[in-house]
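Q: When you get a sec, could you give me coordinates for this:
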Amino acid sequence: MAARDDLDEDGAAPDAPPCAPELVQELLRQLDKTVRLHQLYPATNPTYLKTLEALRAAFREVWAEVNAITLQVTETQFTCGGAVVLDEPEKASDSLPWTLFKDGVRQLTLSSGFEQQEINALLEIIPKVRRALDWEEDVLTLLWAQDFEHLAYRFVDTVSSEGVPLDPSATPGRWPASTTAFTDPKEAVEAARRRAAGASLEGMLRIASAPDQDAERARTEAMRHLREGIAHEYAADLRCDVSDVLLDIFETQRDPLVRTEVARQLDALLLLHLSARSFGSLVHVLRESAIAVQRAPAMTLDARGAMERLNARVSDPALLEPLLAWVDGADDRPSASMVSELLARLDGSALGILIQWAAESRHHDLRQLYEACADRMVDAAPTELVKLVNTPHDAVALEAMSRCGAHRLEAAVVALVKQLGSPSEARRAAALAALAVIGSPRANAGVERALGDASAALRTAALKALATAVYRPALARVTEWVRGRDARDMDHNERRALFELFGALCGDAGVPWLASQLDGPKGFFKRKSDPETRACAAAALGRVNSAASREVLRKASNTDEPLIRQAVRAALARGDDA
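A: Numbering: from 1, shown residues only. Below you'll find the predicted structure:
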């Protein structure tokens, strides 16, 4: 990103350093070292890669203190907030301050994110400028061509010196079948207990009275049998047994009042499982209740609805969120298959919690499960996703807006346009990006509203989106801006995007005016032309891409000014690729 302001030769320094000068000094020292190694080694060399990573680490230390730093450039020094952070006494070709100063750069502003990809471009530019001959492109031209987002610069005209501005429980444990019919469930429970106790006693007596076994082996077998019995008792989940008894009653009793009461008791049991974090029992109840609904004869709609509401109970965000938090932090967390089975039972009201934990979970396998379940829910119930656009939880709202764009949900346009008025720039940016992807006439009308945003970055993004969509209803507004004084006050990126949008919309009708801007003022008393405005006009003509616009560009291709020549060549190349 470039800016052009009325600066004096030395620029202006802020009142105080934005962070500890030592951090900036170490950053610039590492930058200078990396530039030198970049000149000596190929980009794949391990030594260079290690130094580049150290440079990125130095940037991260600075970003931990501030989001951006501004460096004033003199012939031999970089200063930050009045403090000298790099001093190169000699104006040599390998001096970083002199390399920038001699071509007119007086101020650099680096912001968080520059160290990711854009640092590579800067590391290519500096050695190229140091080796450049007089007629080759200077640093301003190369910086302008890169269209940086996290690097802004201010410069002066060195010719005229004029200042320019990211399962164990799979087998149902139903109550054992019995050939005896019971009318009272309590009798069935007692009979089952007597059978289990009798089997254990019979096994122990058989071991103790075995005539062919010596006493030692008999004691060993008896102890093994006891241990197995104790382990079985501890492993048994009485809550699952209780739910199985209730479900057996639900299947065998056709009275609607009985079934409604069973559903009410199961709902209470489900809340008990949730509060106790009894994950296996919870999944067991949901699984077996779904089977019971399919298997029970003479089902009424009320009884079926009461049982199906169990899934809605678990999907309640107020109940599901603590459960997933426990799963994420538990040492003996449930298996992935058991978690997947629970997620399959949830309804659309759980979408927000799943999106939240898909981002926050510490476990990769769980994040994948939550992500897959959220995708299924969006496909099945897109209206639930639209509701999340206005949720107060920022991370969930941002992800919801991104998904609305990815699914091109026209139903989300109204909610997304509403978010363009949010005080949070992150929310406005996410809403704008989603509207641009949706790309319908209503969505593009919302994008046009973002042209009045307080953030220059968002205004620039809106201009680019409208140019991509060729949104012609914006032509009158854009024409007024591009021909008025407002364009002169914009930074480089915004002004360039405005001109390109004008070129995408105006057609041949706008070519004469763009040609006049590219050529600059004529006559003896002409004022000095603004090279950036001329370069932006060239980019706009490239967007028009008609025979008339290409003829204007060809006539200007031999201009003496490197910045204009570079812009004209890029515009012609755009037309060749179209």
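Q: At which residues are the strands of the stretch 301-450 of the chain located?
A: Along the stretch 301-450 of the chain, counting by DSSP state E, counting those that start in this stretch, no stretch forms strands.
Q: That one: helices as residue ranges?
A: Ranges of helices within the stretch 301-450 of the chain are 301-315, 317-329, 336-344, 351-360, 364-380, 382-388, 394-406, 413-419, 425-438, 441-449, based on DSSP state H, counting those that start in this stretch.
Q: Now the weakest link among these, please, by mean pLDDT.
A: Of all those, the minimum mean pLDDT falls on helix 301-315 (a mean of 85).
Q: what's in contact with that one?
A: 250, 256, 259-260, 263-264, 266-267, 270-271, 274, 282, 285-286, 289-290, 292-293, 296, 319-320, 342, 345-350 (CB atoms under 8 Å, 6 or more residues apart in numbering). Yep, even glycine has a C-beta here, placed from its N, CA and C like the rest.
Q: Among these, name the buried ones.
A: 250, 259-260, 263, 266-267, 270, 274, 282, 285-286, 289, 292-293, 296, 319-320, 342, 345-350 (16 or more other CB atoms under 10 Å).
Q: helices or strands next to whichever strand or helix holds Arg495 in the packing?
A: Element membership for Arg495, per DSSP states H and E: helix 492-506. For helix 492-506, the packing partners by 3 or more CB pairs under 8 Å, 6 or more residues apart in numbering; DSSP states H and E come out as helix 456-469, helix 475-483, helix 511-519, helix 531-544.
Q: Single out the most deeply packed of the ones you listed.
A: helix 531-544 (a mean of 25; mean count of other CB atoms under 10 Å).
Q: Which strands or helices does that one pack on?
A: helix 492-506, helix 511-519, helix 547-555, helix 562-577.
Q: Please render those as TSV that adds mean pLDDT and distance to Ser402 to the earlier fields.
A: Output for the helices and strands packed on helix 531-544, formatted as TSV (pLDDT from 0 to 100; distance: least, CB to CB, whole Å):
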stretch	mean pLDDT	distance to Ser402
helix 492-506	90	22
helix 511-519	89	36
helix 547-555	89	36
helix 562-577	81	29
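Q: Quick one, which of those gets closest to Pro89.
A: helix 562-577 (29.9 Å; CB to CB).
Q: what's the least confident helix or strand in the chain, going by average pLDDT?
A: In the chain, no helix or strand scores lower on mean pLDDT, DSSP states H and E than strand 163-164, which sits at a mean of 42.
Q: Low-confidence bits of the chain, can you list those?
A: Across the chain, the ranges flagged by pLDDT under 70 are 1-16, 133-135, 157-215, 218, 232-238, 485-486, 521-529, 575-578.
Q: Recalculate using a threshold of 50.
A: Counting by pLDDT under 50, the chain has low-confidence residues at 1-14, 159-179, 181-182, 524-527.
Q: tell me the domain ranges of it?
A: 21-164, 167-236, 381-462, 470-578 (automatic domain parsing).
Q: Need these in TSV (columns: distance to Glu308).
A: Formatted as TSV, the domains of the chain follow (distance: least, CB to CB, whole Å):
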stretch	distance to Glu308
domain 21-164	48
domain 167-236	19
domain 381-462	15
domain 470-578	46
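Q: Isn't Leu108 up against Phe155?
A: No: with contact defined as CB atoms under 8 Å, Leu108 does not count as touching Phe155 (9.9 Å).
Q: between the two, who's got more neighbours?
A: Neighbours were counted for Leu108 and for Phe155 using other CB atoms under 10 Å; Phe155 has more, 26 against 20.
Q: pretty sure that one is touching Lys102, no?
A: No: judged on CB under 8 Å, Phe155 makes no contact with Lys102 at a distance of 11.3 Å.
Q: check contacts around the closest residue to Gly452 other than its chain neighbours.
A: In space, and not counting its chain neighbours, Gly452 is closest to Arg459: 7.7 Å by CB to CB, 6 or more residues apart in numbering. Each residue near Arg459 by CB under 8 Å, 6+ apart is listed here: 450-453, 494.
Q: Tell me the spacing between the residue lying closest to Leu541 once chain neighbours are set aside and Lys555.
A: In space, and not counting its chain neighbours, Leu541 is closest to Ser549: 4.3 Å by CB to CB, 6+ apart. Remark: distance between Ser549 and Lys555 (CB to CB, to the nearest Å) = 11 Å.
Q: For those two, indicate the residue with more neighbours.
A: Ser549 (27 against 13).
Q: Quick one: residues contacting the more buried one.
A: Applying CB under 8 Å, 6+ apart to Ser549 gives the contacts 503, 508, 511, 514, 541-542, 575.
Q: picking up where we left off before, quick check: which of the helices of the stretch 301-450 of the chain is nearest to Gly520?
A: helix 441-449 (30.7 Å).
Q: Need the CA coordinates for that closest one. CSV is fine.
A: Below are the C-alpha coordinates for helix 441-449, written out as CSV (Å, rounded to 0.1, in the frame of the first residue of the first chain):
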residue,chain,number,x,y,z
PRO,A,441,-27.8,-8.0,-7.7
ARG,A,442,-29.0,-7.6,-4.0
ALA,A,443,-25.6,-8.6,-2.7
ASN,A,444,-23.8,-6.2,-5.0
ALA,A,445,-26.1,-3.4,-3.9
GLY,A,446,-24.9,-4.2,-0.4
VAL,A,447,-21.3,-4.1,-1.5
GLU,A,448,-21.9,-0.7,-2.9
ARG,A,449,-23.0,0.5,0.5
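Q: So what touches that helix?
A: By CB under 8 Å, 6+ apart, the surrounding residues in contact with helix 441-449 are 410, 413, 416-417, 420, 431-432, 435-436, 462, 465-466, 469, 471, 473-474, 477.
Q: re the thing from before, can the helices of the stretch 301-450 of the chain go into CSV with extra columns for distance to Ala570?
A: Compiled in CSV, these are given as follows (distance: least, CB to CB, whole Å):
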stretch, distance to Ala570
helix 301-315, 53
helix 317-329, 50
helix 336-344, 50
helix 351-360, 39
helix 364-380, 40
helix 382-388, 40
helix 394-406, 29
helix 413-419, 33
helix 425-438, 23
helix 441-449, 25
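Q: who wins for proximity to Val24 among the ones you listed?
A: Short answer: helix 425-438, nearest of those by CB to CB, at 25.5 Å.
Q: For Pro89, which non-adjacent residue is spatially closest?
A: Thr76 (5.7 Å).
Q: would TSV of the contacts of Ser549 with distance to Arg304 be doable?
A: Below are the contacts of Ser549 laid out as TSV (distance: CB to CB, whole Å):
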residue	distance to Arg304
Gly503	62
Asp508	67
Val511	69
Leu514	69
Leu541	68
Gly542	64
Gly575	65
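Q: separation between Leu501 and Gln39?
A: 39 Å.
Q: which of those two has more neighbours?
A: For Leu501 versus Gln39, neighbours defined as other CB under 10 Å are more numerous around Leu501 (29 against 15).
Q: quick one: contacts for that one?
A: Contacts of Leu501 by CB under 8 Å, 6+ apart are 463-464, 466-467, 474, 478, 543.
Q: Which of these sits closest to Asp32?
A: For those, the nearest to Asp32 is Lys464 (34.3 Å; CB to CB).
Q: surely the closest one meets Ala497?
A: Yes: counting by CB under 8 Å, Lys464 does reach Ala497; the two are 5.2 Å apart.
Q: Out of the helices of the stretch 301-450 of the chain, which gets nearest to Glu124?
A: helix 425-438 (28.5 Å).
Q: Isn't Asp328 up against Trp357?
A: Yes: contact status for Asp328 versus Trp357: in contact at 7.1 Å, counting by CB under 8 Å.
Q: how far away is the nearest residue to Arg483 once chain neighbours are set aside from Ser424?
A: Leaving aside its sequence neighbours, Arg483 sits nearest to Trp513 (CB to CB, 6+ apart; 7.2 Å). In this view, Trp513 and Ser424 are 38 Å apart by CB to CB.
Q: Likewise for Arg239?
A: Using CB to CB, we find Arg239 at a distance of 45 Å from Ser424.
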